[in-house]
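J.: I would like to see how this sequence folds:
(chains A and B)
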Amino acid sequence: MDENVKAEPSLSIINPTSKTPTAVFEASGNIWKNKGLIRNFISKDISQRYRNSIIGYFWTVLEPLLLSAVYYFLFTIISGNPEERYPLWIILGVVTWQFFSRGLNESVNCLTGNKNMIRQIYFPREIFAVSKVLSQLIITSMSLLVAIPFLIYLDIQLTWQFIYVPIALIIVTLQVLGVGWLFAVPNVHHGDIAHLTRFITRAGFFVSPVMWTIGMAKGGRAALLDYIFLNPMVLPLELMRSGFDGTELMIPQWAILWSLGFSLGILVIGLTVFKTTEAKVVKRL
Amino acid sequence: MNDYTIFIKDIQLSFPRHRVGLKSVFRWFKRRFGENVDIPPFVALNNVSAQAKRGEVLGIIGKNGSGKSTLLRVMSGIYQPDKGEAMASGPVNLLSNVRIGFNGNLSGRENAYLYGSILGHSRETMNQLMDSIIEFSELEAFIDQPLRTYSSGMQARLGLSVASAVQPEILLIDEVLAVGDEGFKDRSRERIKSMVEDAATVIIVSHNLNYLKQVCDRMLVMENGEVVFEGLPEEAINEYRRRIKR
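T.: Have a look, this model is predicted:
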């Protein structure tokens, strides 16, 4: 090899690893540039999910409905007659929580689950998590149609507060992507991360207002309720319910700010960690 | 005048052999006390340099595990080198496994669209190319059937038809010429030949020495992660044969 060969200015480094301050912007640019690919991944995801089933997309509605029926039954055994709107609340809780737990699972596994593709071809790897989470978002939106019969039966009119619903979905999306990206790289190193994620989604189910609401918890120990507000999933779950039935949001202002700040913060931190470390971890896949 | 399109200089790439975990904390402490506890990483590429110019066809040969595919993966940006420079003048297309992202439940057509977008083609481009892709793959009768009903040869034919439908600027080919039946093999060889003629730069990894002799301008011989010979195809093949016999 000729020792004097020099790189020319027309050449650029092949897919350089992102530097911390610009990682988020680079990743956003990549996501925007590859929106066609993301759309194709999403449509593959959704169209093959129910392909072999008889009732197909109806499962997106039926599954949360059946789950909610079980929880409702359980709750009625424990605490007697629940409130009239409780079935609606529980179904919104279940749908939102499903979005969180499935989305988190998908985004944490975005590197390990796409081993083959990552080792064969290069495209920005943040696209895996984005397309998986967005397809969960679409499935969740379809699942929300299950609320319609309840709204009719309970004679609830939608108000301007329905704007809370998309806000809640956006908050969950940000959290799931942020935490997922943060965990995706260590998940390649260790199986422990998969166990940790499973714990978060299982234990989180009980300490988040999925089967219960903040309004129902007000009768309990007030001091403990403050700790519950540290859970960033409380805000989206409660927003969902207020959005549908038009009741007042019973969350203190500091908790709202905390939850919003957490969602944005974790997204920026997670994406930065992901972009600055992914290049190294690919060798371990 | 050197107008390089691919410029790899003195790169090193090694794969770590031990896991990061609690043990690495212990290792760190032991190292502080002067104990040598490191498992040396596996060096896949050692001081490798490879340049290719516009209009040039570069062949890479070597035994299994000599680092040929790893080098192509560095060129296409899948792996970042630990040391050295890896540069290119534009987007690099790697043709290796031609069944990337294939899904058995989707139809052949849907898989073609998906693979096309993985390769970076827009939906409009794929709409225009679809007819010629189907024609080239000779899968007209099956294209709307789910992919799981395809034989593996048919899947490979579909993949190669999509992958070779668009003429890239810098093309890396990793042993994809040997798919399909004899008729398809001939046609895909023809097509790759015409891609080689039109592309700015082509780098081919293959064990088909006769084919390489026909198309390459220059060849590298690799062994144990190093480039051990660089020169004209004839000489490189002789060198490679000598090394195998040894």
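J.: Is residue A:210 within a helix or a strand, and which one?
T.: Using DSSP states H and E, residue A:210 is not contained in any helix or strand.
J.: wait, isn't residue B:212 in contact with residue B:204?
T.: Yes: assessed by Cβ atoms under 8 Å, residue B:212 is found in contact with residue B:204 at 6.5 Å. Where C-beta positions appear, they are placed from N, C-alpha and C, glycine not excepted.
J.: Let's verify the residue in chain A positioned nearest to chain B: helix, strand, or coil?
T.: Proximity of chain A to chain B (Cβ to the nearest Cβ) peaks at residue A:15, 3.4 Å away. The local conformation at residue A:15, judged by DSSP: H, G, I helix; E, B strand; the rest coil, is coil.
J.: Can you give me every residue that contacts residue A:178?
T.: Neighbouring residues of residue A:178 by Cβ atoms under 8 Å, 6 or more residues apart in numbering or on different chains: A:263, A:265, A:266, A:267, A:268, A:269, A:270, A:271.
J.: got the residues you listed as JSON lines, with neighbour count, distance to chain B and secondary structure columns?
T.: As requested, these are exported to JSON lines (neighbours: other Cβ atoms under 10 Å in any protein chain shown; distance: Cβ to the nearest Cβ, whole Å; DSSP: H, G, I helix; E, B strand; the rest coil):
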{"residue": "A:263", "neighbour count": "23", "distance to chain B": "29", "secondary structure": "helix"}
{"residue": "A:265", "neighbour count": "13", "distance to chain B": "25", "secondary structure": "helix"}
{"residue": "A:266", "neighbour count": "20", "distance to chain B": "23", "secondary structure": "helix"}
{"residue": "A:267", "neighbour count": "21", "distance to chain B": "24", "secondary structure": "helix"}
{"residue": "A:268", "neighbour count": "13", "distance to chain B": "23", "secondary structure": "helix"}
{"residue": "A:269", "neighbour count": "15", "distance to chain B": "20", "secondary structure": "helix"}
{"residue": "A:270", "neighbour count": "25", "distance to chain B": "19", "secondary structure": "helix"}
{"residue": "A:271", "neighbour count": "25", "distance to chain B": "18", "secondary structure": "helix"}
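J.: Can you get me a residue count around the residue of chain A closest to chain B?
T.: Neighbour count for residue A:15, taken as other Cβ atoms under 10 Å in any protein chain shown: 19.
J.: Can you check what pLDDT the model gives the residue lying closest to it once chain neighbours are set aside?
T.: Distances taken as Cβ to Cβ, 6 or more residues apart in numbering or on different chains place residue B:77 nearest to residue A:15, at 3.4 Å, with adjacent residues excluded. Residue B:77 is assigned 90 on the pLDDT scale.
J.: Double-check that residue B:48 belongs to a helix.
T.: No: using three-state DSSP, the assignment for residue B:48 is strand, not a helix.
J.: How many neighbouring residues does it have?
T.: 25.
J.: From what I see, it and residue B:62 are in contact.
T.: No: at 11.3 Å, residue B:48 does not count as touching residue B:62 under the criterion of Cβ under 8 Å.
J.: ok, and what's touching the helix or strand harbouring residue A:29?
T.: Counting by DSSP H and E, the element that carries residue A:29 is helix A:23-33. Here helix A:23-33 makes contact (Cβ under 8 Å, 6+ apart) with A:18, A:38, A:124, A:126, A:127, A:130, A:268, A:271, A:272, A:274, A:275, A:276.
J.: go again using 7 Å as the cut-off
T.: For helix A:23-33, contacts defined as Cβ atoms under 7 Å, 6 or more residues apart in numbering or on different chains pick out A:18, A:124, A:126, A:127, A:130, A:268, A:271, A:272, A:275, A:276.
J.: which helices and strands does the helix or strand hosting the fifth one pack with?
T.: Put plainly, it is residue A:130. Here residue A:130, judged by DSSP H and E, is contained in helix A:126-143. Here helix A:126-143 touches helix A:23-33, helix A:35-49, helix A:58-79, helix A:86-108, helix A:164-189, going by 3 or more Cβ pairs under 7 Å, 6 or more residues apart in numbering or on different chains; DSSP states H and E.
J.: what do you get if the cut-off is 10 Å, keeping everything else the same?
T.: On a contact count with 3 or more Cβ pairs under 10 Å, 6 or more residues apart in numbering or on different chains; DSSP states H and E, helix A:126-143 meets helix A:23-33, helix A:35-49, helix A:58-79, helix A:86-108, helix A:164-189, helix A:253-281.
J.: Go through these and pick out the most buried.
T.: helix A:86-108 (a mean of 24; mean count of other Cβ atoms under 10 Å in any protein chain shown).
J.: Just want the angle from it to helix A:126-143.
T.: 170 degrees (axes from the mean of the first three to the mean of the last three Cα atoms, to 10 degrees).
J.: residues making contact with the helix or strand following helix A:86-108?
T.: Next helix or strand after helix A:86-108 toward the C-terminus (DSSP H and E): helix A:115-120. For helix A:115-120, contacts defined as Cβ atoms under 10 Å, 6 or more residues apart in numbering or on different chains pick out A:110-112, A:123, A:125, A:128, A:188, A:278, A:281-283, A:285, B:69, B:73, B:76, B:78-79, B:94-101, B:118, B:174.
J.: and the residue of chain B nearest chain A?
T.: For chain B, Cβ to the nearest Cβ, closest residue to chain A: residue B:77, 3.4 Å.
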